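Student: here's a sequence, model it:
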Amino acid sequence: MKKLLTFIALLLIASQLPAAQVAGVRLWTAPDHTRLVFDTTGPAEHKVFSLAGPDRLVIDISDATVASDFSAAEIEDIHLGGLRHAPRPDGGLRVVLDLKQPVRPKTFLLKPNASYGHRLVVDLYPVEAAASPRVAKSATDIERARDIVVAVDAGHGGDDPGASGSRFRTEEKDVTLQIARRLKRLIDAEPGMRAVLTRDGDYYIGLRKRMAIAREQRADLFVSIHADAFNDKRVRGSSVYVLSQRGASSEAARWLAEKENSSDLVGGVSLDDKDDVLASVLLDLSQSATQHASLSAASRVYGELGRVGRVHGRRVQQAGFMVLKSPDVPSMLVETGFISNPEEERNLRDPKHQERMAKAILSGVQKFFTEAPPPGTRLAERQRATLKHVISKGDTLSEIADRYQVSLGSLRRENDIRSENHIRIGQVLVIPDT
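Tutor: From the prediction side, this is the model:
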């Protein structure tokens, strides 16, 4: 009975809570869009739709009113002719923007920070192509876009144990599978990314089959996990390999020789119906782009591995490893350490060290894809929707932060800027969400 009374009391209190108020509105005109910021006393659940003849944008805010001193007298610019509002019968608030031209709207909510309370942000972009009103960051487009796919290959397996440790007789095939599984779990936890394992148990898969799995899964990157060995037990450190030019040349020769008997594709283009010259040119273009991407991705991973422990060699190395020979999937081979070194063997057996290695590889992979997201992926769509500002003469960081209603600290962190002296005319700044 006591619980029931408490529940009823909470319902009564909730029913008496005041509706959210729209306390004010501010206008910012950027070079490529107009931004309206509504200051509200709570989160503003809302819907947006457009009307034509004349052009208007309607914003329905649930359970909301306007403050007594609310004013929109100065709301006018190249896109806006004015702003009107009226209460709705359901207790909500309707805001109507009178437009001077059709716009492509985007809206999102900002939580309170040190300078502002709750905010509803409405961005108006000129219509360059037909598009429906959108709430949040191009949500529909991002949902349709695909995930980035990373093929994670655990080296060796089954009756191919790989190298063995000198102290604990640790087998390479076990270490590689454990790190590969950890890397897959980390990748799968990242929005817009997913991983596929070439093997997920103690069994052997042929080297060309590993390549084929990556291509069948339309992988954007292939990462093969290994553990090195050497007859000198003192040698230690992780390393990263990409395909050598000689390895690429030998693979190109094989593809061209077998093109009439193969259904394999290079970058989505079949070679079997092309003459020798055209097939050679297409393969060369595909391999060149793939090798460039492979080196870029491997360099990012190599840099992150150096944060975890010692790296072997001064840079990414090149070799003719079979699993790196896919002509249209950027590929790298990561030697996670020398299992022949007693200390590194102990580390490679340690779950905590395995996790650190997996996180380092993930971090490098993320940096690579952030810099060059594959077209059609969710990451590419998110980056395309990111708000940016080109610095003009007279701009200051504080004015830019105020214009976009973000904190100065978050603006600096997003763009790795330490002081006003580190900005220049023409520099493109990424505007953070908050």
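
Student: helix or strand with the lowest mean pLDDT in this protein?
Tutor: For the chain, counting by mean pLDDT, DSSP states H and E, strand 134-135 ranks last in confidence among helices and strands (a mean of 42).

Student: three-state assignment of Val58?
Tutor: Assigned by DSSP: H, G, I helix; E, B strand; the rest coil, the conformation of Val58 is strand.

Student: what's the closest non-adjacent residue to the residue nearest the centre of the chain?
Tutor: Geometric centre of the chain, nearest residue: Leu379, 4.0 Å, by Cα atoms, centre = their mean. Nearest residue to Leu379, sequence neighbours excluded (Cβ to Cβ, 6 or more residues apart in numbering): Pro373, at 4.1 Å. From N, CA and C alone the C-beta is placed, and that goes for glycine too.

Student: who touches that neighbour in this structure?
Tutor: Ile148, Leu379, Ala380, Gln383 (Cβ atoms under 8 Å, 6 or more residues apart in numbering).

Student: distance check, it against Arg84.
Tutor: Separation of Pro373 from Arg84 (Cβ to Cβ, to the nearest Å): 41 Å.

Student: over to Thr107?
Tutor: 18 Å.

Student: more neighbours, these two?
Tutor: Neighbour count, other Cβ atoms under 10 Å: between Thr107 and Arg84, Thr107 has more, with 22 against 12.

Student: and the helices in this structure, which stretches?
Tutor: Remark: helices assigned in the chain by DSSP state H are 2-15, 139-144, 172-188, 207-216, 245-258, 276-308, 342-349, 351-371, 378-385, 397-403, 408-415.

Student: nearest to Asn231, of those helices?
Tutor: Set against Asn231 and scored by Cβ to Cβ, the helices of the chain come closest in helix 342-349, at 14.0 Å.

Student: name the residues of that closest one that come out as buried.
Tutor: By neighbour count with 16 or more other Cβ atoms under 10 Å, helix 342-349 contains the buried residues Pro342, Glu344, Glu345, Asn347, Leu348, Arg349.

Student: tell me the mean pLDDT over it?
Tutor: The predicted model assigns helix 342-349 a mean pLDDT of 94.

Student: can you spell out which helices and strands pack onto that helix?
Tutor: On a contact count with 3 or more Cβ pairs under 8 Å, 6 or more residues apart in numbering; DSSP states H and E, helix 342-349 meets strand 331-338.

Student: partners of the strand it packs on in the sheet?
Tutor: strand 221-228 (parallel), strand 239-243 (antiparallel) (DSSP bridges).

Student: mind saving the C-alpha coords of the shortest one as PDB?
Tutor: This means strand 239-243. Taking Å, rounded to 0.1, in the frame of the first residue of the first chain, the C-alpha atoms of strand 239-243 are listed here in PDB:
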ATOM      1  CA  SER A 239      56.700  -4.800 -36.400                       C
ATOM      2  CA  VAL A 240      54.300  -4.200 -39.300                       C
ATOM      3  CA  TYR A 241      54.700  -5.400 -42.900                       C
ATOM      4  CA  VAL A 242      53.100  -4.600 -46.200                       C
ATOM      5  CA  LEU A 243      53.500  -6.200 -49.600                       C
END
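
Student: contacts for that strand, please.
Tutor: Residues contacting strand 239-243 (Cβ under 8 Å, 6+ apart): 228, 251, 291, 294-295, 298-299, 301-302, 305, 311-313, 316-321, 324-325, 331-335.

Student: least confident pick among the contacts of Pro373?
Tutor: Across the set of the contacts of Pro373, Gln383 stands lowest in pLDDT, at 71.

Student: the closest residue in space to that residue that isn't next to it in sequence and Pro191, how far apart?
Tutor: Once flanking residues are discounted, Gln383 sits nearest to Pro373: 5.9 Å by Cβ to Cβ, 6+ apart. Distance, Pro373 to Pro191, using Cβ to Cβ: 13 Å.

Student: over to Pro89?
Tutor: 39 Å.

Student: pick out whichever of those two has more residues nearby.
Tutor: The residue with more neighbours, out of Pro89 and Pro191, is Pro191; 9 against 5, by other Cβ under 10 Å.

Student: the more buried one is in contact with Gln366, isn't it?
Tutor: No - in this structure, Pro191 is not within contact of Gln366 by Cβ atoms under 8 Å, at 11.2 Å.

Student: next, count neighbours for the nearest residue to Glu344 once chain neighbours are set aside.
Tutor: Spatially, and ignoring its direct neighbours in sequence, Glu344 is nearest to Gly337 (4.1 Å; Cβ to Cβ, 6+ apart). Gly337 sits with 29 neighbouring residues when counted by other Cβ under 10 Å.

Student: Gly337: what's it in contact with?
Tutor: Gly337 makes contact with Ala227, Asp228, Arg236, Gly237, Ser238, Gly309, Glu344, Asn347, Leu348, Met357 under the criterion Cβ under 8 Å, 6+ apart.

Student: OK, contacts around the residue lying closest to the fourth one once chain neighbours are set aside?
Tutor: Using Cβ to Cβ, 6+ apart and skipping the chain neighbours, the partner closest in space to Gly237 is His312 (3.3 Å). Going by Cβ under 8 Å, 6+ apart, His312 touches Asp228, Val235, Arg236, Gly237, Ser238, Ser239, Glu335, Phe338.

Student: which one of those sits closest to Arg26?
Tutor: Nearest to Arg26 among the contacts of His312, counting by Cβ to Cβ, is Ser238 at 51.8 Å.

Student: I'd like the distance between that closest one and Leu305.
Tutor: For Ser238, the distance to Leu305 equals 5 Å [Cβ to Cβ].

Student: quick one on the thing from earlier: got a winner among the contacts of Gly337 for most neighbours?
Tutor: That'd be Ala227 among the contacts of Gly337, by other Cβ under 10 Å, with 29 neighbours.

Student: next, work out how far apart that residue and Met193 are.
Tutor: Note on Ala227: its distance to Met193, by Cβ to Cβ, is 25 Å.

Student: and if you look at Ser244?
Tutor: 28 Å.

Student: for Glu171, give me the pLDDT.
Tutor: You'll see Glu171 listed with a pLDDT of 94.
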